[in-house]
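Asks: Sharing a model prediction with you, sequence too.
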Amino acid sequence: MASSSVLAPEAVRIHPGSATRDQAMQEATDLLVAAGAVTPAYYDAMQDRERTVSTFMGNGLAIPHGTNDTKDTVLGSALTFVRYDGGVDWDGQQATFVVGIAGKGGEHLEILSSIAILFSDDAEVAKLRAAETPEQLFALISAAGAV
């Protein structure tokens, strides 16, 4: 899957501060809406998912996404990638990276797998933490073949 099809440079951000889980999920939703991938109701779908099971994946990564019951809020496939240098308290876990995801059909499963592989490599995660600009972060994600 080509990076240009799911992750646009404008959907990659770095924040020096922290955020709440809900703020991070709202930003992910807003970026997915801007990409034309979801309706604003996708935020509620993310909240529904969190009530069922946490989307915190470990290694500083959270991947908020909707439930199968809310497929009607998904218009296309897209990814957002936001680093919060101050961290996000994700129900008692510390997330640094919040990857918002929306997938049409089964595409999100392939995207999730690629992100999981990237974050299983501590050296790659260290590079993502060290990136100084969103452009550098985008280049690293793309070079790693995660999207």
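Replies: Nice, thanks for sending it over.
Asks: contacts, neighbours, all on C-alpha from now
Replies: Noted.
Asks: Excluding covalently adjacent residues, which one is nearest to residue 43?
Replies: Take residue 43 and drop its neighbours on the chain: the residue closest to it by Cα to Cα, 6 or more residues apart in numbering is residue 29, 5.7 Å away.
Asks: in the chain, what spans have low per-residue confidence?
Replies: Low-confidence regions of the chain, defined here as pLDDT under 70, cover residues 1-4, 146-147.
Asks: and the gap between the residue nearest to residue 43 and residue 108?
Replies: For residue 29, the distance to residue 108 equals 15 Å [Cα to Cα, to the nearest Å].
Asks: the more surrounded of the two?
Replies: Remark: of residue 29 and residue 108, residue 29 carries more neighbours, 28 against 19, as counted by other Cα atoms under 10 Å.
Asks: What residues sit buried inside the helix or strand hosting the more buried one?
Replies: Under the assignment given by DSSP states H and E, the secondary-structure element containing residue 29 is helix 21-34. Neighbour counts using 16 or more other Cα atoms under 10 Å place 21, 24, 25, 26, 27, 28, 29, 30, 31, 32, 33 of helix 21-34 among the buried residues.
Asks: got a list of what the residue nearest to residue 43 touches?
Replies: The neighbourhood of residue 29, defined by Cα atoms under 8 Å, 6 or more residues apart in numbering, consists of 38, 40, 42, 43, 100.
Asks: isn't residue 108 right next to residue 77, touching?
Replies: Yes - taking Cα atoms under 8 Å as the definition, residue 108 is a contact partner of residue 77 at 7.1 Å.
Asks: shared neighbours of these two, which are they?
Replies: 101, 102.
Asks: measure the residue nearest in space to the middle of the chain to residue 13 for me?
Replies: Ranked by distance to the mean C-alpha position of the chain (Cα atoms, centre = their mean), the top residue is residue 99 at 1.0 Å. In this structure, residue 99 lies at 11 Å from residue 13, with Cα to Cα as the measure.
Asks: Quick check: neighbours shared by these two?
Replies: With contacts defined as Cα under 8 Å, 6+ apart, the residues adjacent to both residue 99 and residue 13 are 81, 82.
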